[in-house]
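Visitor: Return a 3D structure for these sequence lines:
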Amino acid sequence: MIGDRPPEPRWLRVSAGPLRGAEMLLRPGAAVWQEQMREGRFEAFLHDAVGDEELAGGTVWDAGAHVGYYTLAFAARVGAHGRVIAFEPNPHNVARLRGNLARNPLLCARVRLETTALSDEDGTDRLFHTASVDDGTSSGASLEAALTRDNEEAFRALASMPVTTARGDTLVRTGSAPAPTLIKIDVEGGEVGVLRGCGEVLAAAHPLLLIEVHSATTMFRTRAVLDALGYELRLLEDGGRPDSRCHVIARPPRGA
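Guide: Purely as a prediction, here's the structure:
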């Protein structure tokens, strides 16, 4: 560091994990998660929960793709015959995500980027967001429909913009997207909206689900949606999450 100027983001090679050998634009020292990405251990417990045979040749929907770590990791795991659709509405995350994709052309060829936000409505909503990618706060964008009494005041103090929203069911029904074999959901409280918008997809395609749940109320509503479809939920412990949120894996009913 020169004076008080923070280091600039630079291209770093991922040293381990499913993304080993790929390069990402990271800023050393800016946030713990950036070092974890470089070392290939960022939220590794999520990848450990899903076998390679469950992903090979499949289609992954990455809802809340952030800067693309998971998008690229899933692209590596699905193989040459698989596909990843990355849903990311925050334009600042999108800019970094596009760069990370372009830097890894072999994996990029398996990825389609959508700036649409998955929701339970086809239309538009307001996205409250920040431009601060390197400290991680840009990952905390939220749709207006997902705001709660606990976080509404804080989010409404942020910049906002209109974004397109879509139901997963509509995307599949119209042929705009192939049905997923796995959906990863990290949408800062909007997870129930994503699930409700994918009701037909869940009932027909039975994708595996990896979900970050952001509150106790959301967990209750998530469970209600998935219980009705016969999904089995299991808590994934990473040992480092605050008690206010958790990750779960949801498997479709046996024989589906």
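Visitor: Going by C-alpha atoms from here, please, whenever you check contacts or count neighbours.
Guide: OK.
Visitor: What segments of the stretch 1-150 of the chain are helices?
Guide: 32-38, 44-48, 52-55, 69-78, 91-103, 105-108 (DSSP state H, counting those that start in this stretch).
Visitor: which of the ones you listed is buried the deepest?
Guide: The densest packing among the helices of the stretch 1-150 of the chain, expressed as mean neighbour count by mean count of other Cα atoms under 10 Å, is seen in helix 69-78 with a mean of 25.
Visitor: what sits up against it?
Guide: Applying Cα atoms under 8 Å, 6 or more residues apart in numbering, the external contacts of helix 69-78 come out as 18-19, 37, 52, 55-60, 62, 65, 82-86, 101, 107-108, 110-111.
Visitor: Mean pLDDT and distance to residue 149 added to the helices of the stretch 1-150 of the chain, as CSV?
Guide: Shown next, in CSV, are the helices of the stretch 1-150 of the chain (pLDDT from 0 to 100; distance: least, Cα to Cα, whole Å):
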stretch, mean pLDDT, distance to residue 149
helix 32-38, 94, 28
helix 44-48, 94, 30
helix 52-55, 96, 38
helix 69-78, 98, 30
helix 91-103, 97, 26
helix 105-108, 98, 39
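Visitor: Let me see the backbone angles for the residue nearest the centre of the chain.
Guide: If you average the C-alpha coordinates of the chain and look for the closest C-alpha using Cα atoms, centre = their mean, you land on residue 64, 3.4 Å from that point. Summarising the backbone geometry of residue 64 under the convention degrees, to the nearest 10, its torsions are phi 90, psi 60.
Visitor: List the contacts of it.
Guide: Under the criterion of Cα under 8 Å, 6+ apart, the contact partners of residue 64 comprise 86-89, 185-187.
Visitor: Give me the subset of the residues you listed that lies in strands.
Guide: Among the contacts of residue 64, the subset assigned to strands under DSSP state E consists of 86-87, 185.
Visitor: Looking at neighbours, which among those is most surrounded?
Guide: Counting neighbours by other Cα atoms under 10 Å, residue 86 comes out on top of the ones in strands among the contacts of residue 64 with 27 neighbours.
Visitor: In this structure that one contacts residue 65, no?
Guide: Yes - checked against Cα atoms under 8 Å, the pair residue 86 and residue 65 is within contact range at 5.6 Å.
Visitor: in stretch 126-145, what counts as buried?
Guide: In terms of neighbour count (16 or more other Cα atoms under 10 Å), stretch 126-145 has its buried residues at 126-131, 133-134, 136, 138-144.
Visitor: Show me those that map onto strands.
Guide: Taking DSSP E, the ones among those that sit in strands are 126-129, 142-143.
Visitor: Which residues does residue 247 form beta bridges with?
Guide: Residues in a beta bridge with residue 247, per DSSP bridges, are residue 212, residue 236.
Visitor: Quick check: it vs residue 175, distance?
Guide: Noted for residue 247: a distance of 30 Å to residue 175, by Cα to Cα, to the nearest Å.
Visitor: Give me the more crowded residue out of these two.
Guide: Neighbour totals were compared for residue 247 and residue 175, and residue 247 leads with 22 against 10 (other Cα under 10 Å).
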